[in-house]
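> 3D, please:
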Amino acid sequence: IMSGDLKPSTPLPAEARLAHEYGVSLGTARHATQLLRKRGLVVTIKSKGTYVTPRRSNPI
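Residues are numbered from 1 along each chain as shown. Got it, this is the predicted structure:
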């Protein structure tokens with residue numbers, strides 16, 4: 001996300017798919033998406049999915 005590889009509004013895969021792709025537990029994938037939400041990098045919309053948020057510009 002920080003590198004710009006995932007553009008704003010890009011949906012993330014479901015947590016179960018992330019867990020499978022990266023070979024981690026579902027709990028680990030959930031924790032990772034929770035951290036991304038806390039940092040404001042993604043937003044989760046119930047019944048819709050998790051999406052990359054628009055980048056915030058750095059204050060001068």
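> quick check, Tyr22 in contact with Ala29.
Yes. Using C-beta atoms under 8 Å, Tyr22 is in contact with Ala29, at 7.3 Å. Heads up, the C-betas are built off the backbone N, CA and C, glycines and all.
> any idea how far the longest helix anywhere in the chain is from the chain center?
As assigned by DSSP state H, the longest helix anywhere in the chain is helix 26-38. Relative to its chain's centre, helix 26-38 lies at 8 Å (C-alpha atoms, centre = their mean, to the nearest Å).
> what does the helix or strand following that helix rub up against?
Next in sequence after helix 26-38, counting helices and strands by DSSP states H and E, comes strand 42-45. Applying C-beta atoms under 8 Å, 6 or more residues apart in numbering, the contact partners of strand 42-45 are 1, 12, 33, 36-37, 50-53.
> okay, strand 42-45 in PDB with CA atoms only?
Extracted as PDB, the C-alpha positions of strand 42-45 are listed here (Å, rounded to 0.1, in the frame of the first residue of the first chain):
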ATOM      1  CA  VAL A  42      -7.800   0.400   4.600                       C
ATOM      2  CA  VAL A  43     -11.400   0.700   5.400                       C
ATOM      3  CA  THR A  44     -13.800  -2.300   5.800                       C
ATOM      4  CA  ILE A  45     -17.400  -1.900   4.700                       C
END
